[in-house]
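Trainee: my questions concern the predicted model and sequence given below.
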Amino acid sequence: MRLGIIRCQQTEDFCPGNGCFKAVKKRKGVFEGSNEEIEIIGFTTCGGCPGKKSILRAKMLVERGADTIAFASCIQKGTPIGYPCPFHKRMKTLLETNLPENIRVLDYTHDAPARTNAQE
């Protein structure tokens, strides 16, 4: 899997993406049970509300080799700030409609909120 991750621009001040990266490395969350090698191609934002730039960002990741686009958990699940994106479904529809058919779109990355080093 060659993975591109799209995160919430509003969340980037609260989370450096460690929960997403750990989920990939430890095969947790949406990656649980996956036996394929996962290479992270890129990690970018949706471009801000209402997420209209998400399709441009996803296409950029695909152009750089991604065959899978995952929305970071901050978008669908609202982690770590507890506010899910109200535009998630529309962004997912845009990606599924405008990306090549062979590109997978994943709803989230990890199940639990990201943890800080102090919590580990």
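Mentor: Cool, got the structure. Here the structure is a predicted model, which means the values were calculated and not measured. Residues are numbered from 1 along each chain as shown.
Trainee: pLDDT below threshold where in this protein?
Mentor: Where the chain drops to pLDDT under 70, the residues are 112-120.
Trainee: tell me where it has helices.
Mentor: Chain-ordered helices for the chain, with DSSP state H as the definition, fall at 18-26, 54-63, 73-76, 88-98.
Trainee: so can I have TSV of these showing distance to residue 7?
Mentor: Any C-beta I mention is one placed from the backbone N, CA and C, and that applies to glycine too. Listed next are the helices of the chain as TSV, based on distance: least, CB to CB, whole Å:
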stretch	distance to residue 7
helix 18-26	7
helix 54-63	10
helix 73-76	6
helix 88-98	12
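Trainee: residue 35: which of those is closest?
Mentor: Closest of those to residue 35 is helix 18-26, at 13.5 Å (criterion: CB to CB).
Trainee: so what touches that closest one?
Mentor: Outside helix 18-26, the residues that touch it by CB atoms under 8 Å, 6 or more residues apart in numbering are 3, 5, 7, 28-31, 38, 40, 43, 70, 72-73, 79-80, 109-110, 112-115.
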